[in-house]
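> generate coordinates for the sequence data below:
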Amino acid sequence: MMRLLMRVLLSRYTIGLISLLICIPMAITLTEIPKSLWSKPDIHEEMDIVTGIGIIMIGWGVVLEERRTLREIFGLLGTNDEAWQTIVDHVCHNYGVGQLAIGLMAEICIELIKIPNTIIYTGEVDDYLVAAGLFFVGVGALLLVRHVLVMLFFLPRSVPATH
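Sure, this is the predicted structure:
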């Protein structure tokens, strides 16, 4: 029963759907935060939102990156469609690394603000750092949309050779 559940959860369609669902709060973030960013002195809520989205990006990136390991843990390696699953693993790994790295960049922007000004002075650039974090959320959203399209419609038929 667990193997069947994991096979469904790790399928390209489920992964594509989850990626699409994650794009929704990212898109809302990209439309809502710019409205209030430079208009008020307190940006804690904006920082919290970018941090939350960054953590989601990092977490989903790790899951994507480790799809093959998850298949191994649940005994899903060596099936008769292993060549196809290897292609899906490869694509997920690449997009997962992208989400992880971009999510970390969004987090770095916010964490720079949280460091006391006696260590790193960001007093006049806090809004710009939130905007930079938001930029990384936007890049991550674009990458995730592309991942959705690849997973649902344009999955390659072979994996490029790696050196």
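
> mind telling me what element T86 is part of?
helix 82-114 (DSSP states H and E).

> and that helix, what's buried?
85, 87-93, 95-96, 98-100, 102-107, 109-113 (16 or more other Cβ atoms under 10 Å). Every residue, glycine included, has its C-beta placed from N, CA and C.

> for stretch 49-63, same thing?
By neighbour count with 16+ other Cβ under 10 Å, stretch 49-63 contains the buried residues I49, V50, T51, I53, G54, I56, M57, I58, W60, G61, V63.

> quick check: the gap between the residue nearest to the second one when sequence neighbours are not counted and P116.
By the measure of Cβ to Cβ, 6 or more residues apart in numbering, the closest residue to V50 outside its immediate chain neighbours is G133, 4.2 Å from it. To P116, G133 is 19 Å away according to Cβ to Cβ, to the nearest Å.

> between the two, tell me which one has more neighbours.
Higher neighbour count among G133 and P116: G133, with 28 against 8, using other Cβ atoms under 10 Å.

> ramachandran angles for that one?
The phi/psi pair for G133 (degrees, to the nearest 10) reads phi -60, psi -40.
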